[in-house]
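S.K.: Take a look and give me a structure for this.
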Amino acid sequence: MKIIKQKGFSLLELIIVIAIVGIMTAITLVSMNTLREKKAVEEAAREVAAAIRETQNYALTGKDITADSSACAYVFGWAGTGYNMSGCDSQVYSLKNDTTFVNNGSFSFSVPFATLNPSADIDIVLLKGGSFYHVCVYISGLVKESLSGC
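M.R.: Have a look, this model is predicted:
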């Protein structure tokens, strides 16, 4: 009698391979979702920083001040999912992609030297899902986005 060896995989081996592939797929999908959240909150932080720089630039250039008007300050405020710039010129913005502010508040740049008021560093924190991003406004006038805070 000859023993015939069959070539191929057993059912148990196939189930193990399918389980491993399923686990790897789940890990990849979770990682991609987390990466998407990080990118969305980073994009929102860049937009907020750009609006702050715009506010600061308006204060430096004295935008919309006429000879008969008094000096004004440009105020930047944020809360919930919106932020705004008001003063001599006003603009309203909103965050995209379900990104929100963790904290809320306001500060101003005075004309003509864009002096920050209050005279303390400001940390604006944005959140989407579990991803945080910070926009830092320093007394020196530097506006910077950061993962770790100010």
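S.K.: Do you have the helices of the chain handy? List them.
M.R.: Assignment of helices within the chain using DSSP state H yields the ranges 11-61.
S.K.: pLDDT weak spots in it?
M.R.: Per-residue confidence for the chain (pLDDT under 70) gives these ranges: 1, 63-72, 88-89.
S.K.: Mind doing that once more with 90?
M.R.: Across the chain, residues meeting the criterion (pLDDT under 90) sit at 1-11, 28-37, 54-75, 85-92, 96-98, 109-119, 129-131, 140-141, 147-150.
S.K.: and Ser119, how far is that from Leu127?
M.R.: Taking CB to CB, to the nearest Å as the measure, Ser119 and Leu127 are separated by 27 Å. C-beta: built from backbone N, CA, C; applies to glycine.
S.K.: Look at the two and report which has more neighbours.
M.R.: Taking neighbours as other CB atoms under 10 Å, Ser119 and Leu127 compare with Leu127 leading, 17 against 8.
S.K.: and the more buried one, how far is that from Leu95?
M.R.: Taken as CB to CB, the span from Leu127 to Leu95 is 10 Å.
S.K.: Equivalent analysis for Gly130, please.
M.R.: Going from Gly130 to Leu95 by CB to CB gives 17 Å.
S.K.: Compare the two and say which is more crowded by neighbours.
M.R.: When neighbours are counted by other CB under 10 Å, Gly130 and Leu95 differ, and Leu95 comes out ahead with 22 against 9.
S.K.: quick one, what contacts the more buried one?
M.R.: By CB atoms under 8 Å, 6 or more residues apart in numbering, Leu95 lies in contact with Ala44, Glu47, Val48, Thr81, Gly82, Tyr83, Phe101, Leu126.
S.K.: change it to 10 Å
M.R.: Contact partners of Leu95, counting by CB atoms under 10 Å, 6 or more residues apart in numbering, are 40-41, 43-45, 47-48, 78, 80-83, 101, 126, 128.
S.K.: can you give me how far stretch 82-101 is from the chain middle?
M.R.: 13 Å (CA atoms, centre = their mean, to the nearest Å).
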